[in-house]
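J.: dropping the sequence and predicted coords here.
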Amino acid sequence: MRLINEDGITGATGNPTIFEQPISKDTAYDEQMQQLLGEGKNAQEVYEALALTDVMKAAQILRFIYEQTDGRDGYVSIEVSPLLAYDTAGTLAETRRLWKALNSPNVMIKIPATPAGIPAIHQALVEGININITLIFSIENYRQVVEAYLSALEERRTKGQDIKRIASVASFFVSRVDVLVDQLIEDKIKTISLHAEQQKLRGLQGKIAIANARLIYQEFKRLFANRRFEVLKHLGAEKQRPLWASTSTKNPAYRDVLYAEELIGPDTIDTMPLKTIENFRDHGRVRYSLEDALPEAKAALAALEEEGIHYDQVTQQLQEEGVQRFADSFCALLASIDHKRKVLRTR
């Protein structure tokens, strides 16, 4: 409750990577795990039961925020299996099942913005399910996400269905952009002998993730300022807000609250791990930063392209790697549960 009362935190999210540490290495879940294993549940069923229990508890804690803000905040998200990232029908089936199991209006189901995920996102929203769209990196992919949201609301409106309190956020994984681009720049520098050219490339390091996010925010403002959305807003629709995820700083050479500080602006959400929250509480600087240096942001992306590091290829690689990382974490989590099963049996 300290995070809510003192730090103003208004939501929470979970994924297999977040759950893996406490489930596999701590004892907090042992009693519940023993009960579930005694019921004959397999590793995936155990994980889901533990995750659903935590999400339900978090949703109950956050429900007062949801009510106070008229459904704008107070959400907790849970992810569909990352093994379904390229399976539209499978993603949609699991989304429906999780939504029904949780049975709470302040829950969001997380679906990645893959080519298979986009139609599942659209249909889930048509059915009135709150969706957190994840693993977005490029502006073009973001346009597809917004189209899935707006067209779903329009379809509901055509059917005479309510579009109030259908919530969705578009989640961008920020720091991962710099991790990959910085490495590509280093690789490029090794092929160049001119010092001035090397310095020009080094000047782009640590700049592309924030530049990309700031330009995406401009696209968000454009897409939700037109007549199309105004018609839906008049009927009670909310904007699909951008969410900045992966905001911990991976490179120790950069300020530890870099991404939290530089992406502050209206109609946005920032998810941060506990360490980043603590760092920001200690020395973070709050200012309206999201629309700073827009010409420089455009110039940085243009310079990257000129150097032969192509934006479309980078963002596609990031999404594919993101799906794989989540799948790897999910498999590691299931393996940890199987190992924990053996440990608990010996007690």
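T.: Thanks, I have the structure now. Predicted, not measured: the structure shown is a model, and the values here were computed from it.

J.: please report how far the nearest residue to Lys41 once chain neighbours are set aside lies from Pro22.
T.: The shortest distance from Lys41 to any non-neighbouring residue, by C-beta to C-beta, 6 or more residues apart in numbering, is to Ala49 (6.8 Å). Where you see a C-beta, it was placed from the backbone N, CA and C, and this is true even at glycine. For Ala49, the distance to Pro22 equals 15 Å [C-beta to C-beta, to the nearest Å].

J.: more neighbours: these two, which one.
T.: Remark: of Ala49 and Pro22, Ala49 carries more neighbours, 17 against 13, as counted by other C-beta atoms under 10 Å.

J.: my guess is that one contacts Glu39, does it?
T.: No: contact between Ala49 and Glu39 fails when scored by C-beta atoms under 8 Å: they sit 9.1 Å apart.

J.: burial of Asp162, as a residue count?
T.: 11.

J.: an error on my part: the question was meant for Ile269.
T.: 18.

J.: what bridges to the residue nearest to it when sequence neighbours are not counted?
T.: Nearest residue to Ile269, sequence neighbours excluded (C-beta to C-beta, 6+ apart): Leu243, at 4.2 Å. Counting by DSSP bridges, Leu243 is bridged to Ser171, Ile269.

J.: now do the contacts for Leu243.
T.: 132, 169-172, 268-271 (C-beta atoms under 8 Å, 6 or more residues apart in numbering).

J.: and for Leu3?
T.: By C-beta under 8 Å, 6+ apart, the neighbours of Leu3 are 9, 277.

J.: which helix in this structure has the most residues?
T.: helix 311-345 (DSSP state H).

J.: helices or strands up against that helix?
T.: helix 16-25, helix 30-38, helix 43-68, strand 107-112, strand 131-136, helix 139-158, helix 175-189, helix 294-306 (3 or more C-beta pairs under 8 Å, 6 or more residues apart in numbering; DSSP states H and E).

J.: nearest to Pro252, of these?
T.: With C-beta to C-beta, the closest approach to Pro252 among those belongs to helix 175-189: 12.4 Å.

J.: show me what the closest one is in contact with.
T.: 137, 198, 201-202, 204-209, 212, 246-251, 254, 259, 304, 307-309, 314-315, 317-318, 321-322.

J.: likewise stretch 320-337?
T.: Contacts of stretch 320-337 with the rest of the structure, by C-beta under 8 Å, 6+ apart, involve 15-17, 19-20, 23-24, 33, 43-44, 46-47, 79, 81-83, 85-86, 112, 114, 135, 137, 173, 176, 180.

J.: make a PyMOL selection of whichever of the residues you listed turn out to be buried.
T.: Remark: buried members of those, expressed as a PyMOL selection using 16 or more other C-beta atoms under 10 Å:
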select buried, resi 15+16+17+19+20+23+24+33+43+46+47+79+81+82+85+112+114+135+137+173+176+180
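
J.: any low-confidence regions in the stretch 1-150 of the chain?
T.: 1, 5 (pLDDT under 70).

J.: swap in 50 and give it another go.
T.: Filtered on pLDDT under 50, the stretch 1-150 of the chain yields no residues whatsoever.

J.: how much space between Gly160 and Leu235?
T.: On the measure of C-beta to C-beta, Gly160 and Leu235 end up 11 Å apart.

J.: neighbour count: those two, which is higher?
T.: Remark: of Gly160 and Leu235, Leu235 carries more neighbours, 12 against 6, as counted by other C-beta under 10 Å.

J.: what separation is there between that one and Ile166?
T.: Leu235 is 11 Å from Ile166, by C-beta to C-beta.

J.: could I get the contacting residues of Leu135?
T.: So Leu135 contacts 112-114, 171, 173, 319, 322-323, 326 (C-beta under 8 Å, 6+ apart).

J.: swap that for Leu223, please
T.: Leu223 sits in contact with 143, 146, 229, where contact means C-beta under 8 Å, 6+ apart.

J.: again, 10 Å this time
T.: Neighbour list for Leu223: 142-143, 145-147, 149-150, 229, 239-240 [criterion: C-beta atoms under 10 Å, 6 or more residues apart in numbering].

J.: quick check on those: which are buried?
T.: 142, 145-146, 149-150, 229, 239-240.

J.: nearest to Tyr75 among those?
T.: Using C-beta to C-beta, those come closest to Tyr75 at Gln240, 12.9 Å.

J.: does the closest one touch Glu219 like I think?
T.: No: using C-beta atoms under 10 Å, Gln240 is not in contact with Glu219, being 12.0 Å away.

J.: shared neighbours of those two, anything?
T.: By C-beta under 10 Å, 6+ apart, Gln240 and Glu219 have these common neighbours: 142, 146.

J.: ok, back up a step: any common contacting residues for Leu235 and Ile166?
T.: 153, 156.

J.: related to what we said a few turns ago, need the buried ones among the contacts of Leu223 in TSV with distance to Ala335, can you?
T.: Formatted as TSV, the buried ones among the contacts of Leu223 follow (distance: C-beta to C-beta, whole Å):
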residue	distance to Ala335
Tyr142	34
Val145	32
Val146	37
Tyr149	36
Leu150	41
Phe229	45
Lys239	40
Gln240	36
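
J.: and which of those residues is nearest Pro295?
T.: Among the buried ones among the contacts of Leu223, and counting by C-beta to C-beta, the member closest to Pro295 is Tyr142, at 20.7 Å.
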